[in-house]
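K.L.:
Turn this into a model:
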Amino acid sequence: MGRSWDCMGDCADMHSYMSRCHSCRVHSGCFMVYDQANYMGNSYFMRRGEYGDYMNMFGWNNCIRSCRYIPMYRGNYRMRIYDRNDFGGQMHEFMDDCDNCMDRYRMNGCMSCHVMDGHWLMYEQPHYRGRMWYFGPGEYRNFMNMGWGNMRFMSMRRVMDSWY
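P.N.:
You can find the predicted model right below:
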């Protein structure tokens with residue numbers, strides 16, 4: 001209800017289009033939404049559907065301030081994770097979802113990664129729980145330098161084309 005604005009891609013600061021965004025409808029595709037400008041703060045993954053009361057659903061006390069479009073991908077998925085910054089320590093390569101790094105690989109968490117193929121969501125707790133972050137293709141050397149403090153990721157899943 002109220003004023004609306006259509007977003008077709010990334011938007012680093014929605015404030016210039018509307019002062020507050022308290023509900024959302026995704027017509028197609030997948031997006032990550034953030035409660036701070038410049039893709040910072042709490043984030044949540046949204047696929048096609050209506051999110052009329054996402055603030056209570058996600059436990060947020062703020063509104064959507066930025067969003068990032070996740071492009072559809074239909075190829076192979078491949079990511080290497082490391083238990084230390086700068087691609088150090090123990091390394092494992094993933095081509096499918098992992099609901100618990102500790103159980104599967106005896107890893108204490110992931111502190112850096114290299115996404116070679118696909119788009120991934122990583123979670124701070126096992127079984128896809130807790131805060132989540134989106135990772136597209138690229139190198140992520142140090143999660144602390146990315147403003148996430150001492151974040152350790154414990155589970156990860158692929159953003160699949162069937163989600164679109």
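K.L.:
ok, for residue 158, nearest residue in space, not its chain neighbours?
P.N.:
Excluding its sequence neighbours, the residue lying closest to residue 158 (CB to CB, 6 or more residues apart in numbering) is residue 77, at 4.8 Å. Any C-beta I mention is one placed from the backbone N, CA and C, and that applies to glycine too.
K.L.:
From residue 3, how far out is that neighbour?
P.N.:
Distance, residue 77 to residue 3, using CB to CB, to the nearest Å: 39 Å.
K.L.:
the more surrounded of those two?
P.N.:
Ranked by neighbour count (other CB atoms under 10 Å), residue 77 and residue 3 place residue 77 first, with 19 against 9.
K.L.:
Look up how far residue 42 lies from residue 51.
P.N.:
Distance from residue 51 to residue 42, by CB to CB: 14 Å.
K.L.:
go on, residue 122?
P.N.:
In terms of CB to CB, residue 122 sits 15 Å off from residue 42.
K.L.:
neighbour-wise, which of those two wins?
P.N.:
Comparing residue 122 with residue 42 by neighbour count (other CB under 10 Å), the higher total belongs to residue 122, at 26 against 15.
K.L.:
quick one, strands of the chain?
P.N.:
Using DSSP state E, the strands of the chain run over 24-26, 30-36, 40-46, 49-51, 66-70, 78-84, 88-94, 112-117, 120-125, 129-135, 138-140, 155-158.
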